[in-house]
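Student: using only what follows, build the 3D model:
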Amino acid sequence: MRLWQKLALAMMLVAVAPLAVISLQAWELTGTQVANARKAALERECVALADEIGRWVQLKAQAVSGWTRLYPGLADRPDPVKIGLMRSVYRAVPGVVTVALLDDKGPILGQDGPLPPVWLDAPLSADAPLSSRSLGSSRRAETFLKHLARPEAPGEVRLGLPYRPPPARPGAPDPDPAVVLAARSPFDDALTLAVDLALDDLDILLAERTFDGRGWALFTRQGEQVLSHGPAVDGQLLRPLLEQRQGSLSLEGQARRGALAAVPGVPWTVVLTEPDLPDPAWVSLRLRLALALLAAILVAVIGGFLASRTLSRPIATLRDATRQLAEGDLSQRVDLAPGDEIGDLGRAFNEMAQRLSETLEELQARREEVEATNRALEIRVDERTRDLQAAQAELVRAGQLAAIAEVGAGLAHDLNNPLTSVIGSLQLLRHRVREPAIEPLIRQAEREAQRCREVAGAMLRLSEHREVTSEADTPLDHALDEVIGLVRPALRRRGVELVWSGEPTQVRVGVSIEDLRHALTQILQAVGAGLPSGSRLSMEVSVDEERAMVVLEPGQPVGAGLTRDAFLAAGLGLWGARRLLAARGGRLVSPNAPEEAGLWRVELPRA
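Tutor: Residues are numbered from 1 along each chain as shown. Okay, here's the model as predicted:
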């Protein structure tokens, strides 16, 4: 197995193993959390239904108990009042099938004997108010009274155990379960109002919550089933759990899980069951975890391959270089990234090759020592000769420049007056002649004459020689204001805008006012002459401990589109300013090439 393959495998294992462990732990933890969440949701739903059933029973008990408080001394009232009370209770309390008034011995006695209970003994029309009530019968009334739980204290309400009533007629279907609700009068200890209460409403309530394989059941604490919907649940198996207030359960034989909750105020327990199937969210989460793990493995494989190739490639480079070195190529070097052991190995290889090369060169140098000495002497002679020739050429150029400056000064002086007259005449002619075809020609002639005047002025200034003032102390702000006032109109005529903030600096420089004004004027005119119309020339001042700097920032490259005459005038002006500043301890720093857009910096010594 190659080295890069081993490295790729190792890196893949190192990267994937922790991720796999984390994924498995997340798998298990998430499954537990999802199961606990579903269990808690079932318990909450079961408790909510139990509370709803408890409120239903409480409302029925309050309704029945309220009627016992309407008639104090009911036992002494006439029979029609007692029968009217029972009928009123039958009509007012929904779900009542049979109503009876009882004393301690049984049905209360009337004028003609015991008063019979009240029930509906014949079906009503569909539009009748009580058409939905279950039919009663004497058999049901007897069964109802057998399941009665008598209250013992005045005003007490007691709920009996649920029971299955007999059919109202032979051959009729079995009715829904019922429960007996008895309320003792708070005024007469011997009088009890009892109702046979059908559980139709609770049955509908449970049926509405039976979907997706769910099952609901209502049990007594003894494990007897009151109502149920959905898959059956054995109440006797759940009997040990029915005493709990709430909890969870698992029916392993039926592959179901569920929850139970006690009904508040009633000895009943609600049980909810559902199929023990994987949660769709958990299935989706497991799929995402599996896909994430596969993606991580793929990324680790690709990353390990790339990383291993990155490590093996420098080693292959070293191998090839070693073979070239063994074949005699002592110039062979390797360029490996420093910072690791492979980089150190490459540096050691280069040092070894360098030492071998130096050793061979030393042997060859000893063999050619005499020839090297002769060549060295010849080189020294040639260098001295070139130095002398360069010095002589510099002297000749200096003389030529001085002569050119003197000749140019005389020529400029002689040309300045005629040019002034020509410019004045052209300006006068331009104001008098308003011909559209002639006026552009006059303006062009005036511009050309102005250029000639600038060239002549630059040549005249080159010949000026001033003595250096050793103790110059010039306010830079005052000099800049004068120079800007002189130069700005000329630049504006060229279409160049000079931007100067005018903020005072309170700096004094060691250059005389005349020299400073002359140098700055030459530089601003030369830089402005090299800018096209519509350009901006910004000027700022910066100061440090030793120098004050006037910084010029052209908006466009300087020198682009210069004519030959303007180029000569600008070049001579810059040359004179540079020489003047150098003689006064300053200097002019310009961009590398005139056509480059950059900063022009005039450095002046501080006073």
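Student: which stretches in the stretch 251-400 of the chain count as helices?
Tutor: 280-326, 341-367, 369-432 (DSSP state H, counting those that start in this stretch).
Student: got these as a markdown table, with mean pLDDT columns?
Tutor: Putting the helices of the stretch 251-400 of the chain into a markdown table (pLDDT from 0 to 100) gives the following:
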| stretch | mean pLDDT |
| --- | --- |
| helix 280-326 | 75 |
| helix 341-367 | 81 |
| helix 369-432 | 72 |
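Student: for these, which one sits closest to residue 223?
Tutor: Proximity to residue 223 (CB to CB) singles out helix 280-326 among the helices of the stretch 251-400 of the chain, at 33.4 Å. In short, each C-beta sits where N, CA and C put it, glycine included.
Student: give me the helices and strands touching the closest one, please.
Tutor: Helices and strands touching helix 280-326, as assessed by 3 or more CB pairs under 8 Å, 6 or more residues apart in numbering; DSSP states H and E, comprise helix 3-68, helix 341-367.
Student: need the helices of the stretch 251-400 of the chain in CSV with distance to residue 170, can you?
Tutor: Formatted as CSV, those follow (distance: least, CB to CB, whole Å):
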stretch, distance to residue 170
helix 280-326, 51
helix 341-367, 102
helix 369-432, 136
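Student: domain ranges for this protein?
Tutor: As given by automatic domain parsing, the domain ranges for the chain are 69-204, 368-465, 469-605.
Student: circling back to that earlier point, now the helices of the stretch 251-400 of the chain in TSV, with distance to residue 155 and mean neighbour count?
Tutor: Below are the helices of the stretch 251-400 of the chain laid out as TSV (distance: least, CB to CB, whole Å; neighbours: other CB atoms under 10 Å):
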stretch	distance to residue 155	mean neighbour count
helix 280-326	52	14
helix 341-367	95	13
helix 369-432	125	12
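Student: rewinding a little: least reliable of the domains of the chain going by mean pLDDT?
Tutor: In terms of average pLDDT, domain 368-465 trails the rest of those, at a mean of 71.
Student: count the residues that sit near the residue nearest to residue 112 when sequence neighbours are not counted.
Tutor: Spatial nearest neighbour of residue 112, chain neighbours left out: residue 79 (7.8 Å); criterion: CB to CB, 6 or more residues apart in numbering. Using other CB atoms under 10 Å, residue 79 has 13 neighbouring residues.
Student: same thing with the one 4 residues further on?
Tutor: The tally of other residues near residue 83 (other CB under 10 Å) stands at 16.
Student: so who does it touch?
Tutor: Taking CB atoms under 8 Å, 6 or more residues apart in numbering as the criterion, residue 83 is in contact with 115, 118.
Student: what kind of secondary structure is it in?
Tutor: State at residue 83, reduced to three classes by DSSP: H, G, I helix; E, B strand; the rest coil: helix.
Student: what about it, distance to residue 44?
Tutor: 47 Å (CB to CB, to the nearest Å).
Student: picking that back up, could you export the domains of the chain as TSV, including distance to residue 321?
Tutor: As requested, the domains of the chain are exported to TSV (distance: least, CB to CB, whole Å):
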stretch	distance to residue 321
domain 69-204	91
domain 368-465	29
domain 469-605	40
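Student: ok so, going back, can you say which of the helices of the stretch 251-400 of the chain is nearest to residue 204?
Tutor: The minimum distance between residue 204 and those falls on helix 280-326, with 29.3 Å, by CB to CB.
Student: show me how far the closest one is from its chain's centre.
Tutor: Offset of helix 280-326 from its chain centre (CA atoms, centre = their mean, to the nearest Å): 29 Å.
Student: and stretch 239-251, by the same measure?
Tutor: 49 Å.
Student: buried residues in that stretch?
Tutor: By neighbour count on 16 or more other CB atoms under 10 Å, the buried set for stretch 239-251 is 239, 242, 247, 248, 249, 251.
Student: quick check, the fifth one in a helix?
Tutor: No: with the criterion set as three-state DSSP, the secondary structure at residue 249 is strand rather than a helix.
Student: who does it bridge with?
Tutor: Taking DSSP bridges, one finds residue 258 as the beta-bridge partners of residue 249.
Student: so who does it touch?
Tutor: Counting by CB under 8 Å, 6+ apart, residue 249 touches 238, 241, 257, 258, 259, 260, 271, 273.
Student: now do the contacts for the closest residue to residue 269 other than its chain neighbours.
Tutor: Using CB to CB, 6+ apart and skipping the chain neighbours, the partner closest in space to residue 269 is residue 242 (4.6 Å). Counting by CB under 8 Å, 6+ apart, residue 242 makes contact with 219, 220, 221, 223, 235, 260, 269.
Student: how about 10 Å then?
Tutor: 219-224, 235-236, 260, 262, 267-269, 271 (CB atoms under 10 Å, 6 or more residues apart in numbering).
Student: ok, and the most crowded of the residues you listed?
Tutor: Going by other CB under 10 Å, residue 269 tops the contacts of residue 242 with 28 neighbours.
Student: so that residue makes contact with residue 54?
Tutor: No: using CB atoms under 10 Å, residue 269 makes no contact with residue 54, being 11.3 Å away.
Student: please enumerate the shared neighbours of the two.
Tutor: The contact lists of residue 269 and residue 54 share 261, 262, 263, where a contact means CB under 10 Å, 6+ apart.
Student: from these, pick the one nearest residue 511.
Tutor: Distances from residue 511 to those, taken by CB to CB, are shortest for residue 261, at 100.7 Å.
Student: okay, now the closest one: neighbour count?
Tutor: Neighbours of residue 261 (other CB under 10 Å): 25.
Student: contacts only, for it.
Tutor: Per CB under 10 Å, 6+ apart, neighbours of residue 261: 42-51, 53-54, 244-247, 269-272.
Student: now do the contacts for residue 197.
Tutor: Counting by CB under 10 Å, 6+ apart, residue 197 makes contact with 57, 60-61, 64, 93-98, 144, 159-160, 162, 178-181.
Student: so residue 226 sits in a strand?
Tutor: Yes: remark: residue 226 belongs to a strand, assigned using three-state DSSP.
Student: right, and it touches residue 177 too?
Tutor: Yes: counting by CB under 10 Å, residue 226 does reach residue 177; the two are 5.6 Å apart.
Student: pick out whichever of those two has more residues nearby.
Tutor: Neighbour tally, residue 226 and residue 177, criterion other CB under 10 Å: the higher count belongs to residue 226, 25 against 20.
Student: which ones are touching that one?
Tutor: Residues near residue 226 by CB under 10 Å, 6+ apart: 53, 161-164, 176-179, 199, 202-203, 206, 217-220, 235, 268-270.
Student: next one: residue 421
Tutor: By CB under 10 Å, 6+ apart, the contact list for residue 421 reads residue 449.
Student: what about it, distance to residue 453?
Tutor: Using CB to CB, residue 421 is found at 11 Å from residue 453.
Student: same check on residue 328?
Tutor: As judged by CB to CB, residue 328 and residue 453 stand 73 Å apart.
Student: quick check on those two: which one has the bigger neighbour count.
Tutor: Taking neighbours as other CB under 10 Å, residue 328 and residue 453 compare with residue 453 leading, 19 against 7.
Student: any idea which helix or strand comes after the helix or strand hosting residue 516?
Tutor: Using DSSP states H and E, the element containing residue 516 is helix 513-529. Next along the chain after helix 513-529, taking DSSP H and E as the criterion, comes strand 536-543.
Student: for that following strand, which helices and strands make contact with it?
Tutor: Judged by 3 or more CB pairs under 10 Å, 6 or more residues apart in numbering; DSSP states H and E, strand 536-543 is in contact with helix 476-493, strand 497-500, helix 513-529, strand 547-554, strand 600-605.
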